[in-house]
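coords please:
(3 chains)
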Amino acid sequence: MAKARSSVFRSVASHAILLAYTFIALAPVIVIVLNSFKKKLAIFSQPLLPPLPSNYDPVGYVTVFSRGNFPLYFFNSIFVTVGTVFFVLLFGAMAAFALSEYRYRLNTVVGLYLAIGIMIPIRLGTNAILQILVASGLISALPWGPLVALILVYTAAGLPLSIFILSEFMRQVSNDLKNAARIDGMNEYKIFFRIVFPLIRPALATVAVFTLIPVWNDLWFPLILAPSESTKTVTLGAQIFVGQYLIDWNAVLASLSLAILPVLVLYIIFSRQLIRGLTAGAVK
Amino acid sequence: MAGPRFAAARPFRYPRGHGLTDVPAPPPRKPVRWHIAVFLAPAAIVYTILMIVPLISTLQASTMTGDAEHRAFIGLGNFVTLLTDPRWSASFWNAFRNNVYFFVINMLVQNPIGILLAALLSNPTLRLRGFYRTVIFIPTILSFVIVAFVWKLLLSPLWGVAPMIMKFFHIGQLFQPVLGKEQFALTTLSLISVWQYVGVPMMLCYAALLSIPDEVLEAAECDGITGWSQFWKIQLPLILPTIGIISILTFVGNFNAFDLIYSAQGALGGPNYSTDLLGTFLFRTFFGSTLQLGDPNMGSTVATMMFLIILAGVCLYLFGIQTRLRRYQF
Amino acid sequence: MMKHKGLLLAAAASMLALSAGAAFAADPVTITIESWRTDDASVWNDTIIPMFEKAHPDIKVVYAPTNAPDYNAALNAKLAGGTAGDIIICRPFDQSLGMYKAGQLLDLTKLPGMENFADSTKVAWQTDDGKVTFCLPMASVIHGFIYNKDAFADAGITDVPATVDDFFADLDKIKAKGNYTPVDIGTHDQWEAATMAYENIGPNYWKGEDGRKALIAGKEKLTDADWVAPFQQMAKWIPYMGDGYQAQAYSDSQNLFSLGKAAIYPAGSWDIPTFEKANPDLKFAAFPPPVPKAGDKCYISDQLDHAVGINAASKNLDAAKTFVTWMAGDDFAAAYANALPGFFALTSHPIKVTDPVAAQFLSWRQNCASTIRATYQILSRGTPNLENDLWAESANVLNGTDTPEAAAKKLQDGLDSWYKPGQS
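As a prediction, the model looks like this:
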């Protein structure tokens, strides 16, 4: 049986396809990172050349670290991203459980209501969102207030998709398991937290990744809600290098190369969770 | 029945004294299922306050006309303008057509590639799976600024890699400045979007494929089904719900797509509006441009139309397809 | 909990005392500047703000720019929400007029310092009847052509072209030599085709302010010969542009010239420091747009670019007014003009510009008549937006997608669909 699944030919073919695609995926990224270490004119005259002593110039990184407080921006970005992911997963899983598990009259309506958010970009409501948050006092409560405001807005924006995906995966959790727990006298909350939640770990990891990427890379809401120096995120901080007419390419490439790292780390963490959840196997 | 009348507990007795005791007592009232509300509440509250209320307040401008000084209600007038006025409808339908094309390319290229890669990666005997999984997903975590920059650089006729490589293979004369030519720009940008987002279907299908228990696959092998036919006959049907999700996400994502075109081609969706999508059309109308003030009335109208289009697609999926999908539980 | 209560009370009391004490000290007021010029952040932080803070130690200034594409949208959202800065850098014409009409900008007509500016410089920041000025002018930009001196020498060109015929003769020489790209402009970003091509060479044909005002009054149309002629010249540029110019973006054009690979760069004066910083070894100078016939009067596009206004809802109005008044003075004008060569001060007092190429641009004001870009006043108020249309059509002409006549007709049709001359 193992033989049938691991023929040499299939293995070689798989690796060939995967390697080819890896090249397609990675090569442009490597071009960016390498070019962030070169002199500005060398970036454009010889984009494929790696940084050599003749064209090496870390001026981009120097600018990034001397102008603006990038370690602070990184911290702010991580705080907002992790906070958003936490609430999106928790509230989203709870709502998804209610939608997929119970039958009640308004189920479809509630489901559709919550799904509307996937269909419209939240940016359109910016003016009202800002007014609501200013009225709540969060915007002026530096330095944490605006960051919390960002978490709330991103949570609201990320919940629809999270609920949509999670409810789909929750429907696949065996009913026998849940009913057995009910007969044993477990209340619904315990069933959710002790049984269902751990079983959908792959879906949770997936939703976590899909939530964290747009939150990390977003420029618009930090610009509106948290533009002050102490609350800037990395993406917003990198924008200072993009001028109206003149773009400081070295600094832009340097800051964006640096910005890839935390997201990559978070992605690796979450995708390991995904695998751990899957290989833990369903409880029989 | 003489005797002291006091409210002592008396055993319940059916009238007429049948003595029948196997007739059941009236059923107790169903307890209110509070837990449903508790589960739904946090999400519903945050979502309603910070998403629905602001959107309604913005979109109701679609029924108005005039600026801050003279606002007037004109019902569906803006919608009529959008769909019938020659200029507005030309721009709107151009953007719509471009969006449909963008979506078709994504469905035909991005999703099959993603599913294929997921299928390859789900083979437990494959080495280096973790490495591939991480690396292939990297384009998806990049910001639009990087994606637009790097592809503009690679495809640039001035310092691009593409002309260099093509000259090396002696097909240099076939090189076109694709991002500047009407016939090619939209296809190029669609493929760039595919490059960026293949990780999404890959990851979702990978999760779905891994949740198929080994016993199912081993049973199939006992029956002699291996390799490609195993994928087509066993794995694919089992992950159809996930493919459904991916399709609907691609649809919604593509019809809201904006950032990539905006970063690469600007708010006008050049050249000559050939890469103008509904998202860029909306942005231009709603937020204005260098010289022009934003128009919240027509902008909200465009946004509402986009929402209706996407809603139609999603409903079609939910009621036409999803209810018919067979879900398997393990 | 009980034993901590005393500590908490003491802490609260001391905090109250401290804050009360702080309120009595001279608290520096902080004012924030909203701008789209992220390019200038280091100039403000290193030069301008320290200069002001030295003269006014009780006012602190923070320069908080937003990147250009998002500036208008972000500013509008912040103004609606009440979180916008105290000082607002104003875009010319309708964007700022709209903000004034919405009550977001303060009326600055009587601000001390406003008298330093001639009426012609304020027109971009006044109501249509000219009675209210809501922003103090800061700088203008001039258009022309920047050329690589080595490229001209290589092609044997000794004088800069004065007429259009000279211009094309020079282009032929450069193209024949083949060492440099003759005309360095691309159409991918579209706006350069409108701003540095059409609006650059156009004033020579439509006679500057006369033509522009006639267009607004409806006496001339975009389909008239004078308005089509620039498109016709642009169509003739096509053989002299680089390979694959359709995908050449604005920064590509800048980099090509900085690398010394291009001969003539249709320019806005703001690009002078770009080239100086990118390649200090590059030898370049400038010439004004060539005139159609020898002896014609020359016209230059001298565009009012940005001004400074005050957020009407600001909580620090006095400090803001002090700051803007200071910006009307010569100290600021001299510092700004020399830190940012290519942006020319608008005050009535002449400012000495030290940068040689910037001084060249400025010198054209002596012989040539200045005009602002034709699409900016009144004509871009409606939908379709004339400026957007001009971007698209100029790019189409340079791409060969539309003939000059067809492009002009599209523009005029768009304008006719909403614009009635005499009513604004």
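
check contacts around the residue in the stretch 1-150 of chain A positioned nearest to chain C.
Residue of the stretch 1-150 of chain A nearest chain C, by CB to the nearest CB: A:Leu130 (3.3 Å). From N, CA and C alone the C-beta is placed, and that goes for glycine too. Applying CB atoms under 8 Å, 6 or more residues apart in numbering or on different chains to A:Leu130 gives the contacts A:139, A:224-225, C:77-78, C:80-81, C:83.

Could you count how many residues lie near C:Leu111?
A count of nearby residues for C:Leu111, using other CB atoms under 10 Å in any protein chain shown, gives 16.

hang on, it packs against C:Phe323?
No - counting by CB atoms under 8 Å, C:Leu111 stays clear of C:Phe323, with 10.9 Å between them.

Can you show me the helices along the stretch 151-284 of chain A?
Using DSSP state H, counting those that start in this stretch, the helices found in the stretch 151-284 of chain A span residues A:175-183, A:188-190, A:197-199, A:201-217, A:220-225, A:234-238, A:249-279.

Not counting its neighbours along the chain, what's nearest the residue of the stretch 1-150 of chain A closest to chain C?
Residue nearest to A:Leu130 in three dimensions, not counting chain neighbours: C:Gly81, with 3.3 Å by CB to CB, 6 or more residues apart in numbering or on different chains.

Show the contacting residues for that neighbour.
For C:Gly81, the contacting residues are A:127, A:130-131, A:133-134, A:139, A:224, by CB under 8 Å, 6+ apart.

could I get the residues you listed as CSV with pLDDT and secondary structure?
Below are the contacts of C:Gly81 laid out as CSV (pLDDT from 0 to 100; DSSP: H, G, I helix; E, B strand; the rest coil):
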residue, pLDDT, secondary structure
A:Asn127, 87, helix
A:Leu130, 92, helix
A:Gln131, 91, helix
A:Leu133, 93, helix
A:Val134, 91, helix
A:Ile139, 86, coil
A:Ile224, 91, helix
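
among these, who's most crowded?
Within these, most neighbours by other CB under 10 Å means A:Ile224, with 28 neighbours.

Compute the distance between it and C:Thr121, please.
Distance, A:Ile224 to C:Thr121, by CB to CB, to the nearest Å: 33 Å.

Can you tell me which residues in the stretch 51-200 of chain B are near chain C?
When proximity is defined as CB under 8 Å from any CB of the partner chain, the stretch 51-200 of chain B approaches chain C at B:67-69, B:87, B:152, B:155-159, B:163, B:175-182.

Buried ones among those residues?
The neighbour-count test (16 or more other CB atoms under 10 Å in any protein chain shown) marks B:152, B:155-159, B:163, B:175-182 as buried among these.

Pick the one among those residues closest to B:Trp195.
Nearest to B:Trp195 among those, counting by CB to CB, is B:Leu155 at 11.9 Å.

For the nearest residue to C:Gln254 once chain neighbours are set aside, pull up the helix or strand it's in.
Leaving aside its chain neighbours, C:Gln254 sits nearest to C:Thr274 (5.6 Å; criterion: CB to CB, 6+ apart). Assigned by DSSP states H and E, C:Thr274 falls within helix C:271-278.

ok, then the element right after that helix?
Next along the chain after helix C:271-278, taking DSSP H and E as the criterion, comes strand C:284-287.

center of chain B, which residue is that?
Centroid check for chain B by CA atoms, centre = their mean gives B:Leu249 as the closest residue, at 2.4 Å.

Tell me which residues touch that one, please.
Under the criterion of CB under 8 Å, 6+ apart, the neighbours of B:Leu249 are A:118, A:161, B:200.

Run a quick neighbour tally on the second one.
This points to A:Leu161. For A:Leu161, the count of nearby residues is 23 (other CB under 10 Å).
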